[in-house]
Structures are given as structure tokens and as C-alpha cells.
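Undergrad: quick one, fold the following:
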Amino acid sequence: MPNELSYWEKESFFKFDAIVIGSGIVGLNAAIHLKKNCPSLKIAVLEAGFLPTGASTKNAGFACFGSISELIEQENSAGIDGLALLIEKRWKGLLKLRALLGDKAIDYQCLGGFEMFKKDDNLLANTCVSKIEHFNLLTSDIVGKDAFALNTKKIDSFGFAQIETLIENQYEAQIDSGKMMFALLQYAQQLGICIYNNCRVLKLNEEATGLSLPTKNGIFFCEKVMVTTNAFIKDLLPDIKINPGRGQVLITKPISGLKVKGTFHYDKGYYYFRNINGRLLLGGGRNIDFNAETTSEFGTTEPVQHALEDLLGTVILPGQNFVIDQQWSGIMAFGKKLEPFIAEIKPNVFCATRCNGMGIAIGSQTGEDVANLLLSSW
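TA: Residues are numbered from 1 along each chain as shown. A predicted model of the protein is given here:
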């Protein structure tokens, strides 16, 4: 980038009322909500990567609010009232996303979600089955009646091996994460929000009239800033307590006669898979080595990829030929508390992070919440 920025460039392209750092689902929703509530504001989104960096375009595309085994652990942590609030946030977040973009734009398909258990998982399976009525009561006023049901009869229709118990969630759906983010970017741009890619913010500097944000492309100025970089937030706000978590994913080439349809959870949600365009997408395995996967470094590892391929060959697609087409990873942000962390860290600096692997479900609501916090400070 040449040093000789013109007067016009400095005045028109680098000065804003509010800047959002991070163009993932949270950041774009924050910018959109801010602009829709205050159309006169000049707003920019600064993104470190060529595409949104993190998990927004690298996840599995689950429109879910939690499998029963996950909800059991979350209830132990948050309590029954806390869990009900979390489920409500997740569900309302999904409804907001669908209302904003439309089901067609994000390829929303409600094919049902399924949690599966091997024979060796009988203790966990029996515990989860015994909790079906409990969680149906908890979620009935939020998502609808009878969300969960034992549906072991479907195991054979999916072609699974070694699976003895299957719990279905009739309200769980899938989306196309790429289409969702493409639609969000278009929506933001149509509102007049400026989006700069390959524009990593190096520091947050307090100035007499606001904030300056140095980048390799020049110095941006704004009155207020929202940091929505999730797992990478410590690069700018090092005191925030979150842990990055890498999620590794693979996808097969198209499989003739693929029987799998829906979204599937296994091993307390540490493995997850779905169908997409005649392919099988499978992710997870973080629990094989939590220390190694507690990282903000992208990449795949042999132990995790081997575990994913073994699960494919022995349980999900037994006796079927498949070819791995692509492998990738995304970086999530986790914390001891299950709800997102949304706060004004210091004057005019706001943040939203800690989606705990539920970015699709809570990203829209989290973006709206941090935007409202900023608006209340003006």
C-alpha cells in the first residue's frame, strides 16, 4: 500500500462513526442492527482475512439448540432456569437469522436432528432417553411441543452400523454456511455498510475525539468500536477470559444413494455430521486431545482426521465406498460460562465473544445485543 494516501481517501475511506472489527456472523449482525436503527451513521467492518476468519464460514451449518446429552451437561452448569434462557436465546437467534435473510437464501432445511448411541454407550443413552420428557417440557414454550423423541426405528434407514439408540429432535435443521455469510455480506453492503477485507487491526488507540485503529492499509478513526473477532479477541483485548477451540472438518465427494439426511450428533456432540449436496460432512474429535485443539492455529492433525475417517467407515457409511474431498478447520471461542460475553470493556470499546460453538444459533442475537449496548451509550 503506497504511503501517499490522498486527502480524499483519508477523509472518505478512513473516518467512521462506528467500526466493527470482524466480519463473521456476530460482527455483520451487529453492523446491520446498528445501521437499521441509526441509518445516518457511517459504519465500517474491518476483516483481517480475505474471507471471514474464524468459524462463520468453516462450521458444519447446524441450526440447532443442543442435543440431549449436551443439554444435560449445560443444565448441570447453568441450572434449569439458566438453560431455559440459553435455549431461548439460541432459538430466537435462529428465527432472527431466518427472518433477516429468508430460508431460501441460507438453504434452510428442517430435516430433523438425531443423537446416536452405540451399544457401549448404553449408560449415557439410557440417561438421555430418561430425560426426553424433561427437556420436552423445558422447550415446549420456546420451540414447540415434543421436540425430542426416541426413534430407534430410523437407524436402518440411515444405514448405520453399531448404533442401538437414536433420539430425534424434530425442530433441528441445517443451513448452507457459505450462502448464509454471502447473503449477510450482501445485506450489509446494501444498507451502505463499508466492508474492508485483508485489513487486520493492529491496536486500539484512545484519542481525544474517539479511537484510532492502525492497519497496514492506513489508520482508521471512529467514535466507537465493536470487537467481534470471537476466538481471536485476545489479539486486541488480551484480558478477556476465553479459550480458543479448533474444530476439524472433512467432506466426502458425492456418494451415490447417500441415505444420511439430517443433522447428527455423537459422543456428547463432540462429533457431528450431515448431508450436503449428496456429500457427507463430518467434524469433531476435539475431545481426543483437548490441549492440542485448544489453539487459534488453523490446520488438521493426523489423530483427529484418522478418528473422523474411522467413524465414517465403521459407523456412518459401513461397507460403502467414499473418497475424502476436502479437510479444513475452524476456530471457536469457549468459556466457563455458557452465555456469550457482551460488554463495554472501556469507554467506547465494546465486545461480543464466547459463542461456545453455537455461533449460528446465537450469532444474530449476540450481534444485536452488542449493537444495542453501543446504542445505549450514545
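Undergrad: stretch 41-54 spans what distance, first to last residue?
TA: Distance between the boundary residues of stretch 41-54 (C-alpha to C-alpha, to the nearest Å) amounts to 27 Å.
Undergrad: and the contacts of the helix or strand hosting Ala31?
TA: Assessed by DSSP states H and E, Ala31 sits inside helix 25-37. With contact meaning C-beta atoms under 8 Å, 6 or more residues apart in numbering, helix 25-37 is reached by 18, 20-21, 41, 43, 45, 47, 56, 96-97, 100, 180-181, 184-185, 187-188, 191-193, 226, 228-230, 352, 355, 359-360, 363-364, 366-368, 370-372, 374-375. C-beta here means a position set from N, CA and C on the backbone, and glycine is covered the same way.
Undergrad: just the C-alpha atoms of that helix, please, in PDB.
TA: Presented in PDB, the C-alpha positions along helix 25-37 are these (Å, rounded to 0.1, in the frame of the first residue of the first chain):
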ATOM      1  CA  ILE A  25     -22.000 -13.700  11.800                       C
ATOM      2  CA  VAL A  26     -21.800 -11.600  15.000                       C
ATOM      3  CA  GLY A  27     -20.000  -8.700  13.500                       C
ATOM      4  CA  LEU A  28     -22.200  -8.400  10.400                       C
ATOM      5  CA  ASN A  29     -25.400  -8.700  12.500                       C
ATOM      6  CA  ALA A  30     -24.000  -6.000  14.900                       C
ATOM      7  CA  ALA A  31     -23.300  -3.700  12.000                       C
ATOM      8  CA  ILE A  32     -26.700  -4.400  10.300                       C
ATOM      9  CA  HIS A  33     -28.700  -3.800  13.500                       C
ATOM     10  CA  LEU A  34     -26.800  -0.600  14.200                       C
ATOM     11  CA  LYS A  35     -27.300   0.800  10.700                       C
ATOM     12  CA  LYS A  36     -31.000  -0.200  10.600                       C
ATOM     13  CA  ASN A  37     -31.600   1.700  13.900                       C
END
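Undergrad: beyond it, next helix or strand please.
TA: Taking DSSP H and E as the definition, the helix or strand that follows helix 25-37 towards the C-terminus is strand 43-46.
Undergrad: buried sites along that next one?
TA: Using 16 or more other C-beta atoms under 10 Å as the test for burial, strand 43-46 gives 43-46.
Undergrad: likewise for stretch 191-201?
TA: 193-196, 199-201.
Undergrad: now the helices for the stretch 201-350 of the chain?
TA: Shown for the stretch 201-350 of the chain, the helices assigned by DSSP state H, counting those that start in this stretch span residues 290-293, 302-311.
Undergrad: okay, the ones you listed, which one's buried deepest?
TA: For those, the stretch with the most neighbours on average is helix 302-311, a mean of 16; neighbours defined as mean count of other C-beta atoms under 10 Å.
Undergrad: give me the residues contacting stretch 296-314.
TA: Surrounding stretch 296-314, the residues in contact under the criterion C-beta under 8 Å, 6+ apart are 161-162, 231-232, 244, 246, 248, 250, 252, 266, 271, 280, 282-286, 288-289, 292-293, 322, 324, 327-331.
Undergrad: just the buried residues of those residues.
TA: Counted by 16+ other C-beta under 10 Å, the contacts of stretch 296-314 give 231-232, 244, 246, 248, 250, 252, 266, 271, 280, 282-286, 288, 293, 322, 327, 329-331 as buried.
Undergrad: look at Ile345 and report its pLDDT.
TA: Reading off the confidence values, Ile345 has pLDDT 96.
Undergrad: okay, now it: neighbour count?
TA: 17 (other C-beta atoms under 10 Å).
Undergrad: what does Lys119 give?
TA: Using other C-beta under 10 Å, Lys119 has 10 neighbouring residues.
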